[in-house]
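Need a 3D model of the sequence below.
(one chain, ligands or ions: 1)
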Amino acid sequence: MDDIRAGVETMRLHGTMAINGKGHLTVGGCDTVDLAENFGTPLYIMDEAYIREVCGQYRETYIEPYPGNEVLYAAKAFLTMAMVRVVAQEGLGLDVVSGGELYTALQAGFDPARICFHGNNKSREEIYAGVRANVGRIMVDNPAELDTLESVCAELGQTVSAVPRITPNVAAHTHEYVQTGQLDSKFGQAIATGQAMDLIQKIIQSKHVRLKGVHCHIGSQIFEIEAFRLAVQNMVAFVSEVREKTGVALEELNLGGGFGIYYTEGDDPQPIQSFARSIMDAVRQETGKYGLPVPRVVIEPGRSIVGAAGITLYRVGDVKVIPDVRVYVAVDGGMTDNPRYALYQAKYEAALANRMNDPLTVTASIAGKCCESGDMVARDVQLPGVAPGDLLTVFSTGAYNYSMSSNYNRLPKPAVVLVNGGKADIIVKRETPEDIIRNDVVPDRLR
Ligand SMILES: Cc1ncc(COP(=O)(O)O)c(C=O)c1O
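Alright, predicted model coming up:
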């Protein structure tokens with residue numbers, strides 16, 4: 001696993017994946033056919049060695065050569081208490097975006113000083129929980145949030161370190177829904193409109209909130225290093241303007257996450273090393289231009305740490321052939337465990353995990369079991385002649401699948417299994433019908 005790119009190498013087998021003598025897909029030394037039998041389907045499988053390998057590459061490229069820099073794992077991509085432990089053991093910090101993610105991290109024993117608390121509309125309760133827990137940074141999205149933060153700090157008699165979210169006016173070439181750095185965005189305050197400077201000044205004047213730096217996040221699933229260079233350029237120019245206008249020299253530049261991974265042919269992720277080198281070179285060059293000290297650089301990768309480390313296993317039900325139109329392969333999950341196709345027509349590769357060596361003879365589309373025509377998992381994938389009972393695997397489902405899953409149609413969420421060295425451990429139990437009705441209440445008048 002030495003040239004890990006921010007995703008898979010050249011084809012669908014990556015990380016610890018292999019094909020065993022029975023023609024079955026194995027991950028982390030575990031036969032996926034056995035995993036399906038032991039844990040049921042649909043099943044999320046996470047490759048622990050691969051996650052740790054990518055974490056190691058982030059450490060080696062961003063932190064070790066530049067002490068002071070920090071890599072925060074973006075919890076929104078995939079978070080469970082076991083994942084929190086892996087992140088802690090790998091020496092990364094954590095970016096959380098809600099009270100729920102914060103709670104998970106704290107319950108799993110994560111050091112609050114290494115947590116940054118994001119969100120574009122954090123509630124007072126969430127801000128209270130963050131301040132109370134002494135998180136390392138609160139990311140301030142807007143002036144209303146700053147007011148709430150000030151009042152919570154006053155109530156608790158605490159001060160906090162804050163970093164405002166800035167919109168740097170960079171439009172990365174990615175799907176509209178995962179672009180966030182352009183002017184027309186719900187996130188942060190724009191440099192272009194002067195609102196970013198207003199927020200900075202408001203923080204400087206506040207009593208309990210200490211301004212530490214600035215943050216931006218330009219989007220997700222980005223392949224172009226150029227987009228990050230542009231973000232650095234715009235953000236450093238802004239940092240210089242802040243110094244001119246306020247006399248405050250900012251010590252921290254957080255550039256967010258967004259590093260793309262391989263899902264299907266045409267995706268061309270850059271090696272993590274290349275991103276690191278280009279970003280750090282750009283930071284040095286741009287700060288040099290303005291005579292600014294080199295700040296500590298923080299990044300927040302999510303997808304690139306867990307995306308390619310995950311697969312989903314499904315059992316095939318019906319195979320419907322519409323002559324000259326399409327072959328639909330129906331599986332026992334769908335948009336409930338993977339809403340990314342329904343959200344933005346995300347593309348995936350798939351294979352039959354129980355027949356990995358069979359010739360690919362069919363072009364099929366993978367349909368979920370929900371009552372929505374848009375409930376598809378993948379379109380036009382190449383499979384062997386597929387039949388009911390086969391085990392279908394979809395690759396690179398580690399990010400934004402489990403974390404975005406739902407109970408639509410009252411489907412229970414699948415289990416998550418962490419595999420490593422031939423061992424498979426449940427890290428999230430499969431939901432049961434009892435879980436589905438757990439919070440339902442029938443008022444007396446309806447009894
Ligand atoms: C502020 C912030 N940081 C980091 C990330 C992680 O992005 P990715 O998973 O693409 O690396 C996101 C994702 O939307 C984000 O909004």
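
Do I have it right that Met356 meets Gly23?
Yes. When contacts are counted by CB atoms under 8 Å, Met356 is listed as touching Gly23 (5.3 Å). Backbone N, C-alpha and C define where each C-beta goes, glycine included.

who's more crowded, these two?
Neighbours were counted for Met356 and for Gly23 using other CB atoms under 10 Å; Met356 has more, 21 against 14.

Just give the nearest non-adjacent residue to the more buried one, would you?
Ile19 (4.5 Å; CB to CB, 6 or more residues apart in numbering).

what's the burial count for the one you found?
For Ile19, using other CB under 10 Å, the count is 14.

Met404 touches Pro339, doesn't it?
Yes. Applying CB under 8 Å as the test, Met404 and Pro339 come out as touching, 5.2 Å apart.

the more surrounded of these two?
Taking neighbours as other CB under 10 Å, Met404 and Pro339 compare with Pro339 leading, 22 against 17.

which residues does the more buried one contact?
When contacts are counted by CB atoms under 8 Å, 6 or more residues apart in numbering, Pro339 touches 404-406.

which outside residues touch the helix or strand that contains Asp435?
Counting by DSSP states H and E, the element that carries Asp435 is helix 433-437. Among residues not part of helix 433-437, those counted as contacts by CB under 8 Å, 6+ apart are 407, 410, 412.

same thing but 10 Å
The set of residues external to helix 433-437 that reach it, using CB atoms under 10 Å, 6 or more residues apart in numbering, is 407, 410-413, 429.

Contact distance from the ligand - what residues of this structure qualify?
74, 76-77, 95, 118, 217, 220, 256-259, 300-304, 399 (CB under 6 Å from any ligand atom).

what sits against the closest residue to the ligand within the stretch 301-447 of the chain?
Nearest residue of the stretch 301-447 of the chain to the ligand, counting by CB to the nearest ligand atom: Gly302, 2.8 Å away. Remark: with contacts taken as CB under 10 Å, 6+ apart, Gly302 is in contact with 72-79, 95, 220, 256-259, 398-400, 403.

same thing but at 6 Å, please
By CB atoms under 6 Å, 6 or more residues apart in numbering, the contact list for Gly302 reads 74, 76-77, 257.

farthest pair in those residues?
Across those, no pair lies farther apart than Lys76 and Gly257, at 9.3 Å, counting by CB to CB.

how about the strands in the stretch 251-400 of the chain?
252-254, 296-299, 310-322, 326-331, 350-352, 362-367, 376-383, 391-395 (DSSP state E, counting those that start in this stretch).

Need those in TSV (columns: mean pLDDT).
As requested, the strands of the stretch 251-400 of the chain are arranged in TSV below (pLDDT from 0 to 100):
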stretch	mean pLDDT
strand 252-254	98
strand 296-299	98
strand 310-322	98
strand 326-331	97
strand 350-352	97
strand 362-367	97
strand 376-383	96
strand 391-395	98
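
Which positions within stretch 222-240 qualify as buried?
Applying a neighbour-count criterion of 16 or more other CB atoms under 10 Å, one finds 222-223, 225, 227-236, 238-240 buried in stretch 222-240.

where does this protein dip in pLDDT?
Segments of the chain classed as low confidence (criterion: pLDDT under 70) are 1-12, 172-181.

Please report the distance of Glu300 from Val71.
Here the criterion is CB to CB, to the nearest Å. By it, Glu300 lies 8 Å from Val71.

OK, contacts around the most centrally placed residue in the chain?
Centroid-nearest residue in the chain: Ala77, 2.4 Å away (criterion: CA atoms, centre = their mean). By CB under 6 Å, 6+ apart, the contact list for Ala77 reads 302-303, 306, 399-400.

can you rerun that using 10 Å?
Taking CB under 10 Å, 6+ apart, we find Ala77 in contact with 83, 95, 220, 257, 300-307, 310, 398-404.

Kindly report the same for Met197.
Contact criterion CB under 10 Å, 6+ apart gives 166, 189-191, 238, 241-242, 245-246 as the residues in contact with Met197.

any idea which of these is closest to the ligand?
Taking CB to the nearest ligand atom as the measure, the ligand lies nearest Ile166 of the contacts of Met197, at 11.2 Å.

So the closest one: helix, strand or coil?
Per DSSP: H, G, I helix; E, B strand; the rest coil, the local secondary structure of Ile166 is strand.

Val306: what's its closest spatial neighbour, skipping adjacent residues?
Closest residue to Val306 in three dimensions, ignoring its sequence neighbours and counting by CB to CB, 6+ apart: Gly398, at 4.1 Å.

And for the one you found, the neighbour number?
29.

residue contacts, it?
Contacts here follow CB under 10 Å, 6+ apart; on that basis Gly398 touches 15, 44-47, 50-51, 77-78, 261, 302-303, 305-312, 416.

switch the cut-off to 8 Å
By CB under 8 Å, 6+ apart, the residues touching Gly398 are 44, 46-47, 51, 77-78, 306-311.

surely Ser206 meets Glu150?
Yes. Contact criterion CB under 8 Å: Ser206 and Glu150 qualify, at 5.3 Å.

quick one: buried residues of stretch 335-345?
Quick answer for stretch 335-345 (16+ other CB under 10 Å): 335-342.

Sorry, wrong one. I was asking about stretch 289-304.
Applying a neighbour-count criterion of 16+ other CB under 10 Å, one finds 292, 294-304 buried in stretch 289-304.

Quick check: end-to-end length of it?
Across stretch 289-304, the terminal residues are separated by 31 Å (CA to CA, to the nearest Å).

the domain parsing of this protein - what is it?
Residue ranges for the domains of the chain, per automatic domain parsing: 18-46+310-437, 48-306.

Just send those back as TSV, with distance to Arg445 too.
Listed next are the domains of the chain as TSV, based on distance: least, CB to CB, whole Å:
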stretch	distance to Arg445
domain 18-46+310-437	19
domain 48-306	31
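
Of those domains, give the one that comes closest to Pro443.
With CB to CB as the measure, domain 18-46+310-437 is the member of the domains of the chain nearest Pro443 (14.8 Å).
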